[in-house]
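Q: build me a structure from this.
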Amino acid sequence: MKHANISKDLAKLQKLLTKTQQTQENSPSLIKKVKRLYHKLFRYFSTDKVKKLALGSAAALLLQGNVYAQTFSSSVQLDPYGLNASKALNNRPEFVDIDNDGDKDIIYYNRGNGKLQYIPNTSTGNAASYGALQTNPFNFATNLISNQGGRGGYSAFADLDNDGDFDFIYYAYDGNGYGYGKVGDFMYYENKGTATSPNFNTLATDPFNLADVPNNTIDNMDLVDLDGDGDFDILVHTYNGVNYALDYYYYENTGTISAPSFTTPVLNPFSLPSSNNFQFLDIDKDGDLDFFYTTNSTTFKYIPNTGTSTVPNFSSTAQSSPFGLSIQAGNVYFAFGEIYKNGKLDFFQESSTNKVYVQLNTTQYTSTEKIQNQNLDINIYPTPSHDLVNIKLGKQDDYTLEVFNLQGQQLKTENIQQATQHQLNLSELASGQYLLRISNADTYTTKQLIKQ
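A: Below is the predicted model:
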């Protein structure tokens, strides 16, 4: 019976792709159908096998690039980089190139002591290593939550003002301690330094029209572009102090990429299941964000996005222990991050007993394939722009820059050598929206351009 269902799914997929080739239709509903079938077939075939059986030339258009089945080492390493109890995380770590040297550092807000903890990446060549723990670097306040008198919540780093460096936002509870229904404030530190020398000495409370959710304690958050409009939105997980419900609230950014403004929070518009910890990322490199989460102390789950980058859909059945990943100890904080400079996202978790576990991403790509990597540290500013656009490329390398209109027609291309930044001239283009594809020998990413 299983083989009969697979044959039917393949036939449906081939029929849909034939339709797109004949009619050039590229509607969100059609993309959603194709991607749902594709992820379903993922369970039975390798990526290359599915391509050979069904996808053909239309896949690149519909799936916005290759989709890759990720593989991870079956060997779970216990603290391979010396990040154990002496560097107790006590929060979800973030892998961020905070000093713009081309590799991902570990940085996080310690909820227990209200301090920012920073572990620089000191890797050289193919060897991964991390330096000594630093507390409250880059001119952060001595205690980030001292002016609130309460305990800190979750945090995130992102370039919220689109000036080419990382800013910091976190949530602090009012009053003494943590509990159901205890509200607080969003706290924002704008980076007043540079991409290579950060300076976080200016604090703002509840910026960008951010508002609390009444009677709800925010216990987790993520800054992601969930509607594909080029700016950061915020999704938070909450505890309700009245009915003790667990849920999500979505703050849509209706401002711009350089001047955020967030709407009144909306209750769980994506129908996401409740979680202890969660993270959005494009794990399969298909151009949209997927959802990973833990439901209790031992269960790790994944929901692929079967919608689009602008209209996400997380209605698929959740997959437990996806890609061979599993929780090693109770009450973990988990994160995906690039430990080596290879464009691959490794799996990192830290338990409540301060034990660190790592599973390396072992996905193999052919020498002719470029990996789509939406997590590259590439920033474009200002947006919107006029004639000139500044591009911060993250690491020194040779790049190809290609500008397309929304119909997929290439309008401009430039090759640059051993660059870390570049200024792109758009004076010959009319006002409107464009797509910028940035690629090097191994990876590529696509960014939105708006010319006024």
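
Q: every contact and neighbour count from this point should use C-alpha atoms.
A: Will do.

Q: quick one: least confident helix or strand in this protein?
A: Ranked by mean pLDDT, DSSP states H and E, the weakest helix or strand in the chain is helix 59-62, scoring a mean of 38.

Q: and the next helix or strand past that helix?
A: As assigned by DSSP states H and E, the chain's next helix or strand after helix 59-62 is strand 77-78.

Q: got the contact list for that next one?
A: Strand 77-78 has contacts (C-alpha atoms under 8 Å, 6 or more residues apart in numbering) with 355, 356, 357, 358, 359.

Q: strand partners (parallel or antiparallel) of it?
A: According to DSSP bridges, strand 77-78 forms sheet pairs with strand 356-359 (antiparallel).

Q: how far is the partner strand from where the chain is centred?
A: Centroid separation for strand 356-359 versus its chain: 19 Å, with C-alpha atoms, centre = their mean, to the nearest Å.

Q: mean confidence score for that strand?
A: The average pLDDT for strand 356-359 rounds to 90.

Q: still on that earlier bit, ok, and the most crowded of the contacts of strand 77-78?
A: Ranked by the number of neighbours (other C-alpha atoms under 10 Å), those place residue 356 first, at 27 neighbours.

Q: how about that residue: which residues does it bridge to?
A: residue 350.

Q: same deal with residue 425?
A: Note on residue 425: beta-bridge partners by DSSP bridges are residue 388.

Q: thinking it is in contact with residue 390, fair?
A: No - taking C-alpha atoms under 8 Å as the definition, residue 425 is not a contact partner of residue 390, at 9.1 Å.

Q: and the contacts of strand 77-78 as CSV, adding distance to residue 78?
A: Formatted as CSV, the contacts of strand 77-78 follow (distance: C-alpha to C-alpha, whole Å):
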residue, distance to residue 78
355, 7
356, 6
357, 5
358, 7
359, 9
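
Q: closest to residue 204 among those?
A: Nearest to residue 204 among these, counting by C-alpha to C-alpha, is residue 356 at 33.2 Å.

Q: if we can go back for a sec, more crowded one of residue 425 and residue 390?
A: Set residue 425 next to residue 390 and count neighbours by other C-alpha under 10 Å: residue 390 wins out with 18 against 13.

Q: name the SS class of that one, please.
A: strand (DSSP: H, G, I helix; E, B strand; the rest coil).

Q: now do the contacts for it.
A: Contacts of residue 390 by C-alpha under 8 Å, 6+ apart are 380, 381, 382, 421, 422, 423, 424.

Q: filter the residues you listed to the buried ones?
A: Buried by 16 or more other C-alpha atoms under 10 Å: 380, 381, 382, 421, out of those.

Q: list the buried residues of stretch 207-214.
A: Buried-residue list, stretch 207-214, by 16+ other C-alpha under 10 Å: 207, 208, 210, 211, 212, 213.

Q: now pLDDT and distance to residue 187 too, for the residues you listed, in TSV please.
A: Shown next, in TSV, are these (pLDDT from 0 to 100; distance: C-alpha to C-alpha, whole Å):
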residue	pLDDT	distance to residue 187
207	91	8
208	94	11
210	91	10
211	86	11
212	81	12
213	81	15
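
Q: got those as a markdown table, with distance to residue 94 and secondary structure columns?
A: Below are the buried residues of stretch 207-214 laid out as a markdown table (distance: C-alpha to C-alpha, whole Å; DSSP: H, G, I helix; E, B strand; the rest coil):
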| residue | distance to residue 94 | secondary structure |
| --- | --- | --- |
| 207 | 22 | coil |
| 208 | 23 | coil |
| 210 | 22 | coil |
| 211 | 24 | coil |
| 212 | 24 | coil |
| 213 | 25 | coil |
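
Q: now tabulate these in CSV and tack on distance to residue 416.
A: Listed next are the buried residues of stretch 207-214 as CSV, based on distance: C-alpha to C-alpha, whole Å:
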residue, distance to residue 416
207, 38
208, 37
210, 40
211, 44
212, 46
213, 47
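
Q: would you map the helices across this structure?
A: All helices of the chain, identified by DSSP state H, fall at 2-23, 28-41, 47-50, 59-62.

Q: lowest average pLDDT across those helices?
A: Looking at those, the weakest mean confidence is helix 59-62, a mean of 38.
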